[in-house]
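Asks: Mind looking at a prediction? Sequence and model below.
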Amino acid sequence: MNVLVINCGSSSLKFQLIDAVSEEVLAKGICERIGIDGRLTYQPEGGEKEKSDKPMPTHTEAIQFVIEALMNPETGVVKDLHEIGAVGHRVVHGGEKFASSVVITEEVKQAVTECNELAPLHNPANLIGIEACENLMPGTPMVAVFDTAFHQTMPEKAYMYGLPYEYYEKYKVRRYGFHGTSHSYVSKKAAEIMGKPYDQLKTIVCHLGNGSSVTAVLNGESVDTSMGLTPLEGLVMGTRSGDVDPAILDFLAQKEGFDIPEIMDILNKKSGVFGLSGELSSDFRDLTDAMNAGDKKAKIAMDVFSYRVAKYIGSYVAAMNGVDDIVFTAGIGENDDYVRAQVCSYLDYLGVIFDKELNKGLRGRQVELSLPGSKVRVFVIPTNEELAIARETLALVK
Ligand code: ADP
């Protein structure tokens, strides 16, 4: 069965059509500038990438163009709509309502809407994508796969904040965690590579991308993760601050006369390695070039980033009373050898023996970075959230 995987943002929509049985990607692409003008990038498997400007006032037009591209007589990969057996939607926030993926019904949409205030930038866009697909593909089953679902196994001691309990009762203020689809996918893959049962391992996954998070996976379940109520908590990220002393908010408000939205904007969009590097870049490729050219702030940014990852690893070793394997994934984890080497330089106490030579220049490949005799195994495993969504979708609609 072919599954159309949709990852809908406020002005963009990424898609992949995957044969969920053979797990082959048939075509993929992205619609950008939705609501502004509109641009479609489409690439069939083995074919050339095509870019075209298309009017996309709403997500409905964007999905209409995606369907037309998929059915194009020359470059398309299906003949008619019935060859798309199901649609899998990435949904960012499922709150406490969703501990696993679900087939989308009116009740599910209502429940997702109720989570909107927990993810005001993401969930409304995800719902628009769902409704646009429903309009254009009536009768095709749709599945929602939540970024938060994998972390619903976290125990109370990990998800409660040290705040008055009433805010949890009234507003569900607690830690949720994100990137669950990726953490779940790569931790399973690591178990497969090691040939060990998934439910008997202590794994720490470092998903290091534009947004970054670390997760402790104990016996196949997430027991702690670095993101919280929102994706702002935890690691230092591309433009997000991660953990800071909350008193800084009031301090800056007084010094600079900021209001809360201005402070949130600084914490979300102007901080992280971008802010640390003096607004040089949030992209680690630029930071690496600058660091190699002697830029001090770029080096500080990369070192603060790596040190924070190492500290989270240490705290999750404590949370699980041990660790069997550590996995690096996502844009930075898969590609940045400096960050991996820095992080692993803090792991001697765990008995990690790290292959520095193999690590050098290693990009985007599945590899074991620990050497024989290492007490903890270290892997780079490319994540594949789309494939994970296609698998979940197939399992639910089969
Ligand atoms: P997201 O899905 O959150 O947008 P990704 O997982 O795609 O993020 O990661 C994007 C980030 O990965 C980029 O901002 C960049 O910092 C980093 N990255 C990508 N390629 C490389 C590379 N070759 N070397 C170092 N960093 C890279």
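Replies: Cool, got the structure.
Asks: I figured Ser187 hits Lys202, correct?
Replies: No - using C-beta atoms under 8 Å, Ser187 makes no contact with Lys202, being 10.2 Å away. All C-beta spots, glycine's among them, are computed from the backbone N, C-alpha and C.
Asks: any residues in contact with both of these two?
Replies: Between them, Ser187 and Lys202 share these contacting residues under C-beta atoms under 8 Å, 6 or more residues apart in numbering: Val217.
Asks: Please say which of those two ends up with more neighbours.
Replies: In this view Ser187 and Lys202 are compared by other C-beta atoms under 10 Å, and Ser187 has more residues nearby, 25 against 20.
Asks: which bits of the stretch 101-250 of the chain sit near the ligand?
Replies: Taking C-beta under 6 Å from any ligand atom as the criterion, the stretch 101-250 of the chain approaches the ligand at residues Gly209, Asn210, Gly211, Gly238.
Asks: Any idea how many residues pack against the closest residue to the ligand within the stretch 251-398 of the chain?
Replies: Here the stretch 251-398 of the chain gets closest to the ligand at one residue, Gly331, 2.0 Å apart by C-beta to the nearest ligand atom. For Gly331, the neighbour count with other C-beta under 10 Å is 19.
Asks: Tabulate the residues of the stretch 101-250 of the chain next to the ligand (TSV), appending pLDDT, secondary structure and neighbour count.
Replies: Converted to TSV, these look like this (pLDDT from 0 to 100; DSSP: H, G, I helix; E, B strand; the rest coil; neighbours: other C-beta atoms under 10 Å):
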residue	pLDDT	secondary structure	neighbour count
Gly209	95	coil	19
Asn210	90	coil	15
Gly211	94	coil	21
Gly238	96	coil	23
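Asks: picking that back up, isn't the residue of the stretch 251-398 of the chain closest to the ligand up against His207?
Replies: No - if you go by C-beta under 8 Å, Gly331 and His207 don't touch, sitting 9.6 Å apart.
Asks: Just give the nearest non-adjacent residue to the residue nearest the centre of the chain, would you?
Replies: What sits nearest the mean C-alpha location of the chain, by C-alpha atoms, centre = their mean, is His179, with 3.7 Å. Of all residues not flanking His179 in the chain, His207 sits nearest, at 4.7 Å (C-beta to C-beta, 6 or more residues apart in numbering).
Asks: Mind listing the residues bridging to that neighbour?
Replies: Beta-bridge partners for His207, by DSSP bridges, are Ser213, Thr329.
Asks: I'd guessed it sits against His183; true?
Replies: Yes - here His207 reaches His183: they are 6.1 Å apart, a contact under C-beta under 8 Å.
Asks: Give me the common contacts of these two.
Replies: By C-beta under 8 Å, 6+ apart, His207 and His183 have these common neighbours: Ser213, Thr215.
Asks: Just list whatever residues bridge to Glu24.
Replies: With DSSP bridges as the rule, Glu24 is bridged to Asp19.
Asks: Look at it and report its pLDDT.
Replies: Glu24 carries a pLDDT value of 97.
Asks: ok, now Gly9?
Replies: Looking at Gly9, its pLDDT is 85.
Asks: Identify the residues contacting it.
Replies: So Gly9 contacts His122, Ala125 (C-beta under 8 Å, 6+ apart).
Asks: same thing but at 6 Å, please
Replies: By C-beta atoms under 6 Å, 6 or more residues apart in numbering, the residues touching Gly9 are Ala125.
Asks: And it, how far from Cys31?
Replies: From Gly9 across to Cys31, the span is 10 Å (C-beta to C-beta, to the nearest Å).
Asks: hmm, back to that, report the contact partners of the residue of the stretch 251-398 of the chain closest to the ligand.
Replies: Gly209.
Asks: So what touches the helix ranked longest in the chain?
Replies: Criterion DSSP state H: the longest helix present in the chain is helix 296-320. Helix 296-320 is contacted by residues 202, 204, 206, 214, 216, 218, 224, 226, 235-236, 273, 276-278, 280, 287, 290-291, 323, 339, 342-343, 346 when judged by C-beta under 6 Å, 6+ apart.
Asks: Quick check: which helices or strands does the helix or strand Phe15 falls within pack against?
Replies: Using DSSP states H and E, Phe15 falls within strand 13-19. Applying 3 or more C-beta pairs under 6 Å, 6 or more residues apart in numbering; DSSP states H and E, one finds that strand 13-19 makes contact with strand 2-8, strand 24-32, helix 59-71.
Asks: can you put the ones you listed in a markdown table and add mean neighbour count?
Replies: Shown next, in a markdown table, are these (neighbours: other C-beta atoms under 10 Å):
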| stretch | mean neighbour count |
| --- | --- |
| strand 2-8 | 26 |
| strand 24-32 | 20 |
| helix 59-71 | 21 |
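Asks: The ligand: which of these is closest?
Replies: strand 2-8 (9.4 Å).
Asks: Okay, angle between the closest one and helix 59-71 too, please.
Replies: If you take axes from the mean of the first three to the mean of the last three C-alpha atoms, to 10 degrees, strand 2-8 sits at 150 degrees to helix 59-71.
Asks: Each with direction, which strands does strand 2-8 pair with?
Replies: Partners of strand 2-8 in its sheet, by DSSP bridges: strand 13-19 (antiparallel), strand 86-91 (parallel).
Asks: now, of those strands, which is deepest in the fold?
Replies: Of all the strands paired with strand 2-8, strand 86-91 carries the top mean neighbour count, a mean of 26, counting by mean count of other C-beta atoms under 10 Å.
Asks: Render the CA-only coordinates of that strand in PDB, please.
Replies: Taking C-alpha atoms only, strand 86-91 is exported to PDB below (Å, rounded to 0.1, in the frame of the first residue of the first chain):
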ATOM      1  CA  ALA A  86      -3.700   6.100   3.200                       C
ATOM      2  CA  VAL A  87      -2.300   9.400   4.400                       C
ATOM      3  CA  GLY A  88      -0.100   9.700   7.400                       C
ATOM      4  CA  HIS A  89       0.000  13.100   9.000                       C
ATOM      5  CA  ARG A  90       2.700  14.400  11.400                       C
ATOM      6  CA  VAL A  91       1.000  16.100  14.300                       C
END
